[in-house]
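Participant: Sharing a sequence plus its predicted fold:
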Amino acid sequence: MKSRIIWLSAILSIATVVALAQQLPPRPGQAPPAGQPGQHPPGTEGQPHQFGQPHQPPQPHDPLAGNLFPPELVMQHRRELGLTDEQRAAIKDESIKASTRFNELQWQMQDEMETMANLMKSAVVDESQALAQLDKILNIEREVKRTQLGLSIRIKNKLTSEQQMKLHDMRAPHPPR
C-alpha cells in the first residue's frame, strides 16, 4: 500500500514539475526545452545522442533561494556569524515549530494520498471526486511550502545585515585556484 502511495505521489510531483517547467521561459543563454523540433543545445547540432550519458534538463533558477537561508546553514556557521544566544534560541525554536508542523502535514498527506489511491482502484474513477481529493493534496503541499517560506523569512529577519552578507559570501561559488 505504501508503495502505491509513493508512486502516486511521485507521479503527481513529476506532473507538477513538468507543467511548471513548460510554463517557464528559457533564461538568457539557456537552450529551449527538449522536445521542440529543430532545437539542440548550443554546440551539439548534428551530433548523435551519447548513450550512457543521460540527458539532464537544466534546473530552473530559484529566485528566492539566494536571498533566504536554511536553518542548517545558519546553525552550521553560527560561530563564524557571531550569533547571539538570543538569535540561536529563536532560530532553534522556529525550526522546532516548523518541524512539528511538517510532521503533522506529512501525516495528513499520507492519509489523503491513501484516499486518492483508493479512488484510483475503481474500474471507473469518479472524476469530480478524484479532482476534489487532488485539491486536498495540493492544499497540504501548499501549506508545506508556506511553512518552509515562513521559517526562512523568520530566520532571515533574526539575522543582522552583516550576518546575512557573511552567509551570502559563504554560499557564493569560489573561483578555482
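Facilitator: Everything's here; your move. Residues are numbered from 1 along each chain as shown.
Participant: Give me the below-cutoff pLDDT ranges for the chain.
Facilitator: 1-61, 174-177 (pLDDT under 70).
Participant: What ranges does it have for its strands?
Facilitator: In the chain, no segments count as strands under DSSP state E.
Participant: so where do the helices sit in it?
Facilitator: 2-23, 71-76, 78-81, 85-120, 127-158, 161-171 (DSSP state H).
Participant: Including mean neighbour count and distance to residue 64, could these go into TSV?
Facilitator: From N, CA and C alone the C-beta is placed, and that goes for glycine too. TSV is the format used below for the helices of the chain (neighbours: other CB atoms under 10 Å; distance: least, CB to CB, whole Å):
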stretch	mean neighbour count	distance to residue 64
helix 2-23	12	14
helix 71-76	15	14
helix 78-81	14	20
helix 85-120	15	16
helix 127-158	14	8
helix 161-171	13	13
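Participant: contacting residues for the spatially closest residue to residue 69 that is not a sequence neighbour?
Facilitator: Of all residues not flanking residue 69 in the chain, residue 167 sits nearest, at 5.2 Å (CB to CB, 6 or more residues apart in numbering). Counting by CB atoms under 8 Å, 6 or more residues apart in numbering, residue 167 touches 69, 73-74, 77, 81, 159.
Participant: how many neighbours does residue 121 have?
Facilitator: 8 (other CB atoms under 10 Å).
Participant: how close does it sit to residue 104?
Facilitator: 27 Å (CB to CB, to the nearest Å).
Participant: State the phi and psi torsions of residue 160.
Facilitator: Dihedral pair for residue 160: phi -80, psi 170, per degrees, to the nearest 10.
Participant: Kindly report the same for residue 126.
Facilitator: phi -70, psi 110.
Participant: residues in contact with it?
Facilitator: So residue 126 contacts residue 119 (CB under 8 Å, 6+ apart).
Participant: ok, now how distant is it from residue 169?
Facilitator: From residue 126 to residue 169 the distance is 55 Å (CB to CB).
Participant: What of residue 120?
Facilitator: Per CB to CB, residue 120 is found 49 Å from residue 169.
Participant: Check residue 79 too.
Facilitator: 15 Å.
Participant: Same check on residue 146?
Facilitator: Taking CB to CB, one finds residue 146 at 29 Å from residue 169.
Participant: And for residue 95?
Facilitator: Taking CB to CB, one finds residue 95 at 23 Å from residue 169.
Participant: ditto for residue 135
Facilitator: 43 Å.
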